[in-house]
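> After the sequence you'll find the predicted model.
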Amino acid sequence: MTEDQPLKPANILNIVALNQGKRVETRGIPKAKRLSPHEVRDLLEDEHHLVDGRSSAEYGAGHIQGSYNVQQSGSEFEQRVGWVVPDNASIILLTDSDADAQQALYDMAFIGMDQFVVGYLDGGIDAWMNAGLPVEVTPQMDVYSLHQRMQENGIRVLDVRAQDEWDDGHIDPAFLMPYTSLAQQLTNPPQFDQLPFAKDDSIAVTCHTGKRSSTAVSLMLREGYTKLYNVTGGMEAWGRAKLPMI
């Protein structure tokens, strides 16, 4: 009876509580607290969650282990944070600037998630690296390189778009798993067990433009996948390059 019901983010209960007046809505403009790199490190060890709002290229060039890449430049930033971060989790922000951190907090207030933000990394990723703290790197792959790798060594492809986007055209052979299914939902656990990949397989992850795929990559890294590539430009770039799809 529930198989055809749409997935609901874990944060939906928070939104319902706000709409019903059971949670106090933020008044005025919320302000994020500055956190030093070592404060952030300690909070992450205490099971706080880091949302990296930078671009997929910046995230790929160097990011903090375990962070979620939800690009702030997207029009659905706060909704996507609500999809991927566990319900009621304490959140730290990583952005390109102080102003971006404050804007992210303001946007998150629309779905009540600003109240879970404990602060942002002052100085961003540069401050983190200058403090001698480690970063991870995730390769970005253009569509021409992906097409060549598929011919040469059979790299696996994961498409994290929605079903209707997939139906409009996709790479053969790719596997469809919307990125929202890779996160804990209200009544559904992450669906990693449905992926036909080993954790050490080489996997190129694609979406429409490369934003949701980078979010999916960050979720998969948390799950232990080790050889991931974010496809830059996504299926939009694949189509413009006139590469084959079905």
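Perfect, I can see it now. The structure displayed is predicted, hence computed values, not measured ones.
> helix/strand/coil for the residue positioned nearest the centre of the chain?
Centroid check for the chain by Cα atoms, centre = their mean gives residue 215 as the closest residue, at 2.3 Å. Residue 215 carries the three-state label helix when classified by DSSP: H, G, I helix; E, B strand; the rest coil.
> Could you number the chain from 24 rather than 1 from now on?
Sure, I'll start numbering at 24, so the last one becomes residue 238.
> give the contact list for it.
If you count contacts by Cβ atoms under 8 Å, 6 or more residues apart in numbering, residue 238 has them with 91-94, 103, 107, 183, 202. Bear in mind the C-beta positions are built from the backbone N, C-alpha and C, glycine included.
> Go again with 10 Å.
75, 79, 82, 91-94, 97, 103-104, 106-107, 183, 202-203, 205-206, 228, 230, 253 (Cβ atoms under 10 Å, 6 or more residues apart in numbering).
> How about residue 224?
Residue 224 neighbours (Cβ under 10 Å, 6+ apart): 177-179, 181, 218, 248-251.
> Kindly recompute the last result at 7 Å.
Neighbouring residues of residue 224 by Cβ atoms under 7 Å, 6 or more residues apart in numbering: 179, 250.
> Okay, it and residue 215: tell me how far apart.
13 Å (Cβ to Cβ, to the nearest Å).
> Residue 60 now?
31 Å.
> and what of residue 112?
19 Å.
> How about residue 55?
32 Å.
> who has more neighbours, the two?
residue 55 (22 against 16; other Cβ atoms under 10 Å).
> contacting residues for that one?
116, 124-125, 128, 140, 142-143.
> which phi and psi does it have?
phi -80, psi 150 (degrees, to the nearest 10).
> what about it, distance to residue 202?
According to Cβ to Cβ, residue 55 stands 26 Å off from residue 202.
> re the thing from before, turn the buried ones among the contacts of residue 238 into a named PyMOL selection, would you?
Buried subset of the contacts of residue 238, written as a PyMOL selection, criterion 16 or more other Cβ atoms under 10 Å:
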select buried, resi 75+79+82+91+92+93+94+103+104+106+107+183+202+203+205+206+228+230+253
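> Just name the closest of the contacts of residue 55 to residue 191, please.
residue 116 (34.0 Å; Cβ to Cβ).
> for the closest one, what are its contacts?
Contacts of residue 116 (Cβ under 7 Å, 6+ apart): 55, 74, 76, 124, 127-128, 140, 143.
> Just send these back as CSV, with distance to residue 86 and secondary structure too.
Output for those, formatted as CSV (distance: Cβ to Cβ, whole Å; DSSP: H, G, I helix; E, B strand; the rest coil):
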residue, distance to residue 86, secondary structure
55, 19, coil
74, 11, strand
76, 11, coil
124, 16, helix
127, 16, helix
128, 20, helix
140, 19, strand
143, 15, strand
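> could these go into a markdown table alongside distance to residue 150?
What follows is the contacts of residue 116, written out as a markdown table (distance: Cβ to Cβ, whole Å):
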| residue | distance to residue 150 |
| --- | --- |
| 55 | 15 |
| 74 | 17 |
| 76 | 15 |
| 124 | 12 |
| 127 | 17 |
| 128 | 18 |
| 140 | 18 |
| 143 | 11 |
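> which one of these is nearest residue 258?
So of the contacts of residue 116, ranked by how close each gets to residue 258 (Cβ to Cβ), first place is residue 76, at 23.1 Å.
> list the contacts for the closest one?
Counted by Cβ under 7 Å, 6+ apart, residue 76 has contacts 93-95, 116-118, 123, 127.
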